[in-house]
Each structure stands twice: as structure tokens, then as C-alpha cells.
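Asker: sequence plus the predicted model coming up.
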Amino acid sequence: MSIGEGLVAGEDGALRCAWHGNLPDYLRYHDQEWGHPVDSDIRLFEKLCLEGFQSGLSWLTILRKRENFRVAFHGFDFRKLAEEDEAAAIERNLQDAGIVRHRGKIASVYNNARRAVELAEEKGSLARFFWSLEPGPDERPQVLDWATLRTLGKTPTSIRISKELKKRGWSFVGPTTVYAFMQAMGLVNDHIEGCVCRPRIEEKRAAFRRPV
């Protein structure tokens with residue numbers, strides 16, 4: 001059997017998106033997290049922050065430091081972060097070798113935490129805001145193969161969400177960062193055709209209750 005471009009066979013014989021490279025931690029992320037719909041405000045906030053840290057780096061680098069980030073940033077509880085002494089917290093985190101020590105990205109977490117509190121108050125929850133902007137079928141490709149996926153660095157919806165967030169004062173939320181967030185949090189299913197996870201995610205998305 002010929003394996004389509006962008007797919008790789010795992011030790012279990014199943015085909016998956018090739019980007020995980022059969023690395024155990026990346027494989028778990030691909031199978032158990034990426035594309036699964038999320039309605040937890042803290043997880044949504046965490047992912048948006050981590051995608052900001054990922055800018056210019058590989059996601060695998062961030063994934064392998066994720067637990068360190070969680071310790072450094074109070075589990076990404078944005079309400080706790082919003083109450084911190086920002087200047088002291090930034091200096092503390094700049095000394096933490098377990099995370100990415102980029103002053104602008106660290107400062108962005110605290111700025112975005114305050115903006116997240118405001119957005120949750122405005123919309124009822126972060127989940128309600130993001131899922132209200134879920135792209136419709138007309139924006140999605142009819143067939144999602146590897147070649148098509150490579151063209152989806154940003155989309156009309158990711159541009160719209162980016163503009164909405166920036167208008168509210170968020171930082172490190174460009175449309176490409178937002179699209180990676182959408183892929184990971186299940187607002188779209190970008191497991192390509194032939195990946196064993198694609199139908200599983202379709203079922204999860206069909207059963208998922210959108211926040212209202």
C-alpha cells in the first residue's frame with residue numbers, strides 16, 4: 001500500500017500526520033491533544049501563550065518545556081497572573097532556565113492575562129468568545145491533504161480573531177499564531193486525510209457542546 005504524502009506509519013501500523021516524527025512525546029501530543037476540542041478557559045489561555053513563546057522556535061521545544069512554563073506561570077490561571085507584580089514576575093522568570101527567557105514574550109503573558117480577565121467578563125468566558133468565531137464549512141477545504149495543509153498558515157478566521165484580540169490589547173497574537181492555536185484547540189480538524197486521528201477528531205467535534 002502506498003503511503004500518501006505527509007503521512008507516516010507508526011509502530012502500530014496506523015497512518016498518522018508525519019509531523020510528529022515518531023518521537024514518543026510528540027506522538028502522544030498528536031494523538032491525545034492536537035485537534036481535540038477544548039472549552040477550558042485556562043487551557044485556551046495557556047495554548048495561546050505557548051504559541052506566542054513558540055514564535056521563531058519549534059513547537060517540540062515548547063512542548064518539552066511545558067511543565068516548566070506551567071510552574072512559572074501559575075498553571076496559566078490568568079486571574080492569578082493578572083494580580084501579580086508584573087515587574088517582579090518578569091525578572092523572576094528571566095532567571096528561570098526551564099522556560100524561554102524572552103523578555104517580550106514573558107511580559108506578554110502578564111499583559112494577556114489582564115486582557116483575558118477583561119475578555120472573559122465581556123463575553124462570559126474565553127471559550128465562548130473563541131468558539132463563537134469557529135470557522136464555517138465554507139472556509140474549510142473540501143479535501144485536506146498535505147499540500148493543502150501547507151497553504152493554511154493563516155485563514156480569514158485567524159485574521160479576524162487576531163484583529164479582535166489586538167483591538168483589545170493582546171500581544172503576540174498574529175494570525176499565524178492564532179491559526180496554530182485553532183488547530184491545537186480543535187476549532188478546526190487539520191489531521192490530514194488518511195491520518196487515523198482525523199475521523200476520531202471529527203467524532204469529537206460532532207459531539208462537542210459549543211459554549212453559549
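Answerer: Yep, it's here.

Asker: can you give me the end-to-end distance of stretch 148-165?
Answerer: The first and last residues of stretch 148-165 sit 27 Å apart, counting by C-alpha to C-alpha, to the nearest Å.

Asker: how about stretch 179-188?
Answerer: End-to-end distance for stretch 179-188, by C-alpha to C-alpha: 9 Å.

Asker: state the mean pLDDT of it.
Answerer: For stretch 179-188, mean pLDDT is 98.

Asker: one more: stretch 133-151?
Answerer: Confidence over stretch 133-151 (mean pLDDT, whole number) is 95.

Asker: endpoints of it, how far apart?
Answerer: End to end - C-alpha to C-alpha - stretch 133-151 spans 21 Å.

Asker: run through who's touching it.
Answerer: Residues outside stretch 133-151 that contact it (C-beta atoms under 8 Å, 6 or more residues apart in numbering): 4-7, 18, 152, 155-157, 160-161, 164, 182, 187-193, 198, 210. (C-beta placed from N, C-alpha, C; glycine too.)

Asker: next: stretch 71-83.
Answerer: 41-43, 45-46, 49, 69-70, 89, 93, 96, 98-99, 109-110, 112-114, 116-117, 120.

Asker: name the residues of stretch 189-206 that are buried.
Answerer: 189, 190, 191, 192, 193, 194, 195, 196, 197, 198, 201, 205 (16 or more other C-beta atoms under 10 Å).

Asker: who are the contact partners of the second one?
Answerer: Residue 190 is in contact with 35, 144, 149, 152, 183, counting by C-beta under 8 Å, 6+ apart.

Asker: in helices, which of those residues appear?
Answerer: 149, 183 (DSSP state H).

Asker: can you list the contacts of residue 190 in JSON lines and add neighbour count and distance to residue 105?
Answerer: Formatted as JSON lines, these follow (neighbours: other C-beta atoms under 10 Å; distance: C-beta to C-beta, whole Å):
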{"residue": "35", "neighbour count": "26", "distance to residue 105": "25"}
{"residue": "144", "neighbour count": "20", "distance to residue 105": "31"}
{"residue": "149", "neighbour count": "18", "distance to residue 105": "26"}
{"residue": "152", "neighbour count": "17", "distance to residue 105": "24"}
{"residue": "183", "neighbour count": "19", "distance to residue 105": "20"}
